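Trainee: fold the following for me, if possible:
(one chain, ligands or ions: 2)
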Amino acid sequence: MLSLIQPTSPRWVDAALADLPALLSDHAHCEIKAAQSALSLVSRYAGELPQLVEPLTALAKEEAEHFRRVHEKLTARGIPMALPASDSYVTQLSAAARQNRPHDLPVLLDRLLVAALIEGRSCERFQLISEHVTDASLAAFYRDLMASEARHFTLFSSLAAECFGKAESRARLATLAEREGEIVTKLPLGPQVHG
Ligand SMILES: [Fe+2]
Ligand SMILES: [Fe+2]
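Mentor: Ligands and ions are numbered 1, 2, ... in the order given. Model prediction:
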């Protein structure tokens, strides 16, 4: 359903939960980046495709609220939020899309599908955290966020199909999912949502 070809290694859960403060801090930044990226799509494409404005501004609002909730968890545990760092997974996935993009393939199609895959991978990982974290309140929190990320995967893949057609978006998603699977298996395991 989430178009993921490679499941996350079970060893990632151990690596992620071994440093909960670092994981929560990285997660907080992921939520901010998700809100920023939705708004950057709005700013670039609102003129051409005004139908993107309503769903993507609603998404940005929801991601900002996710950030607020993760930040609340950090504060409750006395964990200061780290400075933002670049996300190798997102950087590599965007670069892979760019490198193998046929010249006539719309950039927006890739931006929507890359966003869909990021949401899909986040959903899978939040489920793993919710199943393995020992803190019951965090388990419930991640179960809740997992459901949001599944909805966001559907939102981005539906917007891609709506704007560029079902067949073209499905074919491109399959190609990008292959690249995503290769990237995710090579990244070092650590306390990052996508690490
Ligand atoms: Fe989120
Ligand atoms: Fe999301």
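Trainee: contact partners for L187?
Mentor: Residues in contact with L187, defined by C-beta atoms under 8 Å, 6 or more residues apart in numbering, are S88, Y89, Q92, H194, G195. Backbone N, C-alpha and C define where each C-beta goes, glycine included.
Trainee: let's see that with 7 Å instead.
Mentor: Each residue near L187 by C-beta atoms under 7 Å, 6 or more residues apart in numbering is listed here: S88, Y89, G195.
Trainee: now, those that are in helices?
Mentor: Among the contacts of L187, the members falling in helices (DSSP state H) are S88, Y89.
Trainee: dump the contacts of L187 into JSON lines; add pLDDT as well.
Mentor: Shown next, in JSON lines, are the contacts of L187 (pLDDT from 0 to 100):
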{"residue": "S88", "pLDDT": "95"}
{"residue": "Y89", "pLDDT": "97"}
{"residue": "G195", "pLDDT": "76"}
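Trainee: just the contacts of L187 that are near ligand 1?
Mentor: When C-beta under 5 Å from the ion is applied, no member of the contacts of L187 is adjacent to ligand 1.
Trainee: which residue does this structure have closest to ligand 1?
Mentor: Nearest residue of the chain to ligand 1 (C-beta to the ion) works out as H66 at 3.8 Å.
Trainee: now the residue lying closest to that residue once chain neighbours are set aside: which helix or strand?
Mentor: Nearest non-adjacent residue to H66, counting by C-beta to C-beta, 6 or more residues apart in numbering: E31, 4.3 Å away. Here E31 sits within helix 20-45, counting by DSSP states H and E.
Trainee: run through the neighbouring helices and strands of the following helix or strand past that helix.
Mentor: Counting by DSSP H and E, the next helix or strand C-terminal to helix 20-45 is helix 53-76. Judged by 3 or more C-beta pairs under 7 Å, 6 or more residues apart in numbering; DSSP states H and E, helix 53-76 is in contact with helix 20-45, helix 136-164.
Trainee: turn those into JSON lines, including distance to T75, mean neighbour count and mean pLDDT.
Mentor: JSON lines is the format used below for the helices and strands packed on helix 53-76 (distance: least, C-beta to C-beta, whole Å; neighbours: other C-beta atoms under 10 Å; pLDDT from 0 to 100):
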{"stretch": "helix 20-45", "distance to T75": "10", "mean neighbour count": "19", "mean pLDDT": "98"}
{"stretch": "helix 136-164", "distance to T75": "14", "mean neighbour count": "18", "mean pLDDT": "97"}
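Trainee: in TSV: those helices, plus distance to E178.
Mentor: Shown next, in TSV, are the helices and strands packed on helix 53-76 (distance: least, C-beta to C-beta, whole Å):
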stretch	distance to E178
helix 20-45	22
helix 136-164	16
